[in-house]
Each structure stands twice: as structure tokens, then as C-alpha cells.
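S.K.: Kindly return the folded structure for what I paste below:
(one chain, ligands or ions: 1)
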Amino acid sequence: MRLVIIGGGVAGVTVARLVAEADPSAEVVIYSAEELPYYPRPRLIEFLAGRLALERLPLYPREWYEERGIRLELGQRAAALDLAAQRVRLADGREVPYDHLVLAMGAHSWVPPIGGVEREGVYTLRTVEDAQAIRRDAQAAKRVVVLGGGLLGLDTSGALRALGVEVLVIEAQPWLLPRQLDREGAAVLEAILQRMGIQVITGELCTQMEGRGQVERLRLKSGRTLEAEMVVISAGVRSNIALAKEAGLACNRGIVVDEHLQTSHPQVYAVGDVAEFAGRVWAIIPAAIAQGRALGAWLSGQDGRYEGIVPSATLKVSGVDLASIGEVNPEGEGFEELRRAEPERGLYRKLVLREGRIVGAILLGDRSEFAAVSRLISQGVDVSAYGEKLLEDGALAELARG
Ligand SMILES: Cc1cc2nc3c(=O)[nH]c(=O)nc-3n(C[C@H](O)[C@H](O)[C@H](O)COP(=O)(O)OP(=O)(O)OC[C@H]3O[C@@H](n4cnc5c(N)ncnc54)[C@H](O)[C@@H]3O)c2cc1C
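M.R.: As a prediction, this is how the structure comes out:
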């Protein structure tokens, strides 16, 4: 079997590893547009903060690929797909035949249509080149404005703060981390961030960037203006679906796949941030790994099936312990919410229950019981007998031990 994988991120590499290990005779080739072998993108935050050297970004050395018989072609961009002829055309003009094709092209940072956004000093963070540019310019800046108070925006803010820069976060929603926190938890987090020197404005949008060449000022929806010599936009991502769309594969927000990660064409699969399953693109690592594993098993002749994930996330701002999993802002009937807030200690804990089972949790200030609550959720353990006791320190861990 000749397996061609486009994209050498976590999703593509997971598929390559599983297929190569299950069938050493399989020919597995990864074409990656990037020059570095696979590096986990969260490491970019560590690199940005100056806690990790560039050489330590890649997870595996080149020999790791060679030992498994995986051919890794770096700096090679796929330019077109010919599904009828089962060939990929690379940007350098080469035509590459395949038996099975895996599309693992990931996503790119979304840039909202803000007037003047093309000005110098405006960045997004997705690749090592982005991180290098932000790091270089932030070291010379006094203050950086981060547009977007989601996970990536806050992780980036923490890293910039570690460089000694003043940071101001602007979030359009009424509170920070709107997907992972509720209003009360976000207020506790905001106070922690303020104490660290990260300023926060919520419920505001940047509508215009002004300056001569370089960004100098931001105009907000309320009419307020702010001085800004450097801006990092962190407004979410969009799947890299252009190639797939041009080739005629069914696409929505992402490339549409079924439980075997198969696209609308039988020889072509998609995994990770580029794939849309059951109407959703999670664009997080646990989904990319779960999809990569399912497809790796399926292509190795096992019953690999992707059935979705319970999304979970942790914040990597050093000094802030936050984990969020599952349904934390439930809508509709039948949910019970348990809360414990001690803002003066920077503590907030929330559990969301449905029919006696935990379906979502926020652990802020102490996430030591994150693995325990994840287990209680995935195993659907009935915790209805415990009520408010579940909020006590150690209760989740004890229950998870059974
Ligand atoms: C700074 C940062 C921190 C993050 N932190 C977290 C976190 O803590 N937890 C979490 O769950 N998620 C996090 N994420 C998101 C996570 O990194 C993504 O969900 C994950 O990288 C998706 O993996 P992927 O393999 O699908 O795509 P990607 O990692 O985007 O890899 C796709 C690869 O395909 C290449 N490619 C694209 N088009 C082509 C082409 N035409 N030809 C050849 N190659 C191509 C790209 O260059 C890229 O190398 C973070 C993201 C960033 C940027």
C-alpha cells in the first residue's frame, strides 16, 4: 500500500506512525509545507516565553521517522489533487501517486475583517515563523494588545508577559474563555490575570487599526481609542480546505468525514483541524489524536472508528491552574450546576450534572483532580448520592478511584 499524507502535524504523524508500525511493508510518505518536523504547537507558547529553545520544538528527531520507514518530505506543499488519477501535484511540479490519501493540512489563524488590519505590527500565531516574529518584535515593544480572550489568546498573553511586556486583552464576548468558563469563573480568572499585569477588556470589539504603515492606534466599537504599537490577533482558526474544495470533495467548515474519517471520495481521508465530523471542527489536539488513531487503525485493517470526544482544555499561563472539560455552560432543561467560589484564594470549581452524572467541569486554582473528573465523565459514573460533597477537595479523586 502506498499511503500519502499531506500535512505533518499531530494528526498526520499519528496516522503515519500507526500504519507504519502495523504494516512495515506499507510505503508511507508525509509531505509537509513546514521546514521543521512535527512540533506540538503548545510548545510555541513556551518558545515565545523564552522557556524553550528553537531546537527543542520538534517532538521526534529525523531518525524517529527513518526507523519506522516513514519518508518525511519537508518544505513540500501540495498544490492540487487529481482524485480520478489518484495523484497529488506538489508546488514544485512533481506528481505523486497514491493508493490512499490522507488530508491533514490543519488550519490557519482567522483574521477578522478589521479596517487597517494589514498594517505592520499586526500578527497571528500558528507556526514557528509567527512565534519568531512575535518574539522578536515584542522584545522591543512596551505594550502588546491581544485581540481575543480565548485559550490561545490568553496563553499568548501569559508568554508575552513572561517577556516583560505589558499586555492588554480585548475579548468581544462578555467574559474571558467563553467556551471554557462561565461568567463567575471568568471573573475569578480576570482578577488573577490583572494581578499578573495582564489587563482585560471584555464586551468590546476592535473595528479599525490606524497608523502610518505601522499600527499605532486601535478604534473600538464603543468609539474608544487605544494606543497600540503591536497587536496579536487570536480570533479562532479556519480549516485549510481550499485544496479539497477545488478537487470537489464535500466541504463545509471542514472536509466532511464519516466515522472512519473517509471523505466523499473512497480513497481519501481527512483528520485533525481540517476535518469536520458530525457538523463540528473542534480544532484541538485531543480530537486530532483521536481521529489520527481511528484512521491509523482503520487503514491497518482494524475496526478504527471515531465517535467524537469530550472536549477538554487547560490554560498554560504559568501561575494559573485552569482546566475545563465537557458541557460547562449547559443550555436547556435537566442540568444541575454545583459551584464553589473562593475568589480571594483564586479558586473556582463548577460541576455540571445531568441525570446524576457529571457532564462538565471547571477547575480553576487547583486542577489536580482533572484526570479524576475526566474519568468520571467518560465512564458515566452515577454521582447523584454525593451532592455538594463533590465540591470538596479530593472528593472527585476519591470517587474516581472507585
Ligand atoms: C500556539 C498554539 C497553541 C496551542 N495549544 C493547544 C493546546 O494547548 N491544546 C490543544 O488541544 N490545542 C492547542 N492548539 C491547537 C492545536 O495545535 C491544533 O489543534 C493541532 O495542531 C491540529 O493538528 P493538525 O495535525 O490537524 O494540524 P496542524 O498542526 O495545523 O498541521 C497541519 C500541517 O499541514 C501543513 N500543510 C497545510 N497545507 C499543506 C499543503 N497544501 N501541503 C503540505 N502541507 C500542508 C501545515 O503547514 C502544517 O504543518 C494550539 C495551537 C497553537 C497555534
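S.K.: And for Y31, nearest residue in space, chain neighbours not counted?
M.R.: Taking CB to CB, 6 or more residues apart in numbering, and ignoring the residues beside it in sequence, Y31 has Q76 as its nearest neighbour in space, at 4.4 Å. Any C-beta I mention is one placed from the backbone N, CA and C, and that applies to glycine too.
S.K.: for the one you found, helix, strand, or coil?
M.R.: coil (DSSP: H, G, I helix; E, B strand; the rest coil).
S.K.: wait, what's in contact with the nearest residue to A131 once chain neighbours are set aside?
M.R.: Closest residue to A131 apart from its sequence neighbours, by CB to CB, 6+ apart: L44 at 4.4 Å. Each residue near L44 by CB atoms under 8 Å, 6 or more residues apart in numbering is listed here: L57, L125, T127, V128, D130, A131.
S.K.: can you list the domain ranges for the chain.
M.R.: Following automatic domain parsing, the chain resolves into domains at 2-108+237-299, 122-233, 321-401.
S.K.: any chance of the ones you listed in a markdown table, plus distance to S312 and mean pLDDT?
M.R.: Shown next, in a markdown table, are the domains of the chain (distance: least, CB to CB, whole Å; pLDDT from 0 to 100):
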| stretch | distance to S312 | mean pLDDT |
| --- | --- | --- |
| domain 2-108+237-299 | 6 | 98 |
| domain 122-233 | 9 | 96 |
| domain 321-401 | 4 | 95 |
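S.K.: so can I have CSV of those showing distance to the ligand?
M.R.: Formatted as CSV, those follow (distance: least, CB to the nearest ligand atom, whole Å):
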stretch, distance to the ligand
domain 2-108+237-299, 2
domain 122-233, 5
domain 321-401, 11
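S.K.: Same list (the ones you listed) but as CSV, adding distance to I114.
M.R.: Formatted as CSV, the entries for the domains of the chain read as follows, by distance: least, CB to CB, whole Å:
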stretch, distance to I114
domain 2-108+237-299, 16
domain 122-233, 6
domain 321-401, 27
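S.K.: State the pair within the contacts of L44 that is farthest apart.
M.R.: Taking every pair in the contacts of L44 and measuring CB to CB, the maximum separation is 13.7 Å, between L57 and L125.
S.K.: between the two, which one's more packed in?
M.R.: L125 (22 against 19; other CB atoms under 10 Å).
S.K.: in the helix or strand hosting R375, what counts as buried?
M.R.: Using DSSP states H and E, the secondary-structure element containing R375 is helix 370-378. Residues of helix 370-378 classed as buried under the neighbour-count rule (16 or more other CB atoms under 10 Å) are F370, A372, V373, S374, R375, L376, I377.
S.K.: ok, which stretches of the stretch 1-150 of the chain are helices?
M.R.: Under the criterion DSSP state H, counting those that start in this stretch, the stretch 1-150 of the chain carries helices at the ranges 10-22, 42-48, 62-67, 128-138.
S.K.: would JSON lines of these with distance to G185 be doable?
M.R.: Formatted as JSON lines, the entries for the helices of the stretch 1-150 of the chain read as follows, by distance: least, CB to CB, whole Å:
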{"stretch": "helix 10-22", "distance to G185": "28"}
{"stretch": "helix 42-48", "distance to G185": "21"}
{"stretch": "helix 62-67", "distance to G185": "40"}
{"stretch": "helix 128-138", "distance to G185": "28"}
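S.K.: Please identify the most buried of these.
M.R.: The highest mean neighbour count among the helices of the stretch 1-150 of the chain belongs to helix 10-22 (a mean of 24), with neighbours defined as mean count of other CB atoms under 10 Å.
S.K.: so A288 sits right up against G7, yeah?
M.R.: No: if you go by CB atoms under 8 Å, A288 and G7 don't touch, sitting 10.3 Å apart.
S.K.: any common contacting residues for these two?
M.R.: Any residue near both A288 and G7 by CB under 8 Å, 6+ apart counts here, and that gives G272.
S.K.: any idea how far stretch 284-299 is from the chain center?
M.R.: The gap between where stretch 284-299 is centred and where its chain is centred comes out at 15 Å by CA atoms, centre = their mean, to the nearest Å.
S.K.: Just the buried positions in that stretch, please.
M.R.: Of the residues in stretch 284-299, 285, 287-299 count as buried by neighbour count, 16+ other CB under 10 Å.
S.K.: closest to L3 among those residues?
M.R.: Where those are concerned, and distances follow CB to CB, L3 has its nearest neighbour in L299, at 6.8 Å.
S.K.: With adjacent residues omitted, what lies nearest to that closest one?
M.R.: Spatial nearest neighbour of L299, chain neighbours left out: V19 (5.2 Å); criterion: CB to CB, 6+ apart.
S.K.: Looks like the one you found contacts G301 (just checking).
M.R.: No: with contact defined as CB under 8 Å, V19 and G301 do not form a contacting pair (10.1 Å).
S.K.: now for the chain, which residue lies nearest the mean position of the chain?
M.R.: The structure's the chain has its C-alpha centroid closest to I284; by CA atoms, centre = their mean the separation is 3.6 Å.
S.K.: List the residues that contact the residue lying closest to I170 once chain neighbours are set aside.
M.R.: When the adjacent residues along the chain are set aside, I170 lies closest to I201, with 4.9 Å between them (CB to CB, 6+ apart). Taking CB under 8 Å, 6+ apart as the definition of contact, the neighbours of I201 are L168, V169, I170, E171.
S.K.: what's the spacing between S264 and A275?
M.R.: Relative to A275, S264 is positioned 12 Å away (criterion: CB to CB, to the nearest Å).
S.K.: Please apply the same query to L152.
M.R.: Note on L152: its distance to A275, by CB to CB, is 20 Å.
S.K.: Comparing these two, which shows the higher neighbour count?
M.R.: Neighbour tally, L152 and A275, criterion other CB under 10 Å: the higher count belongs to A275, 31 against 25.
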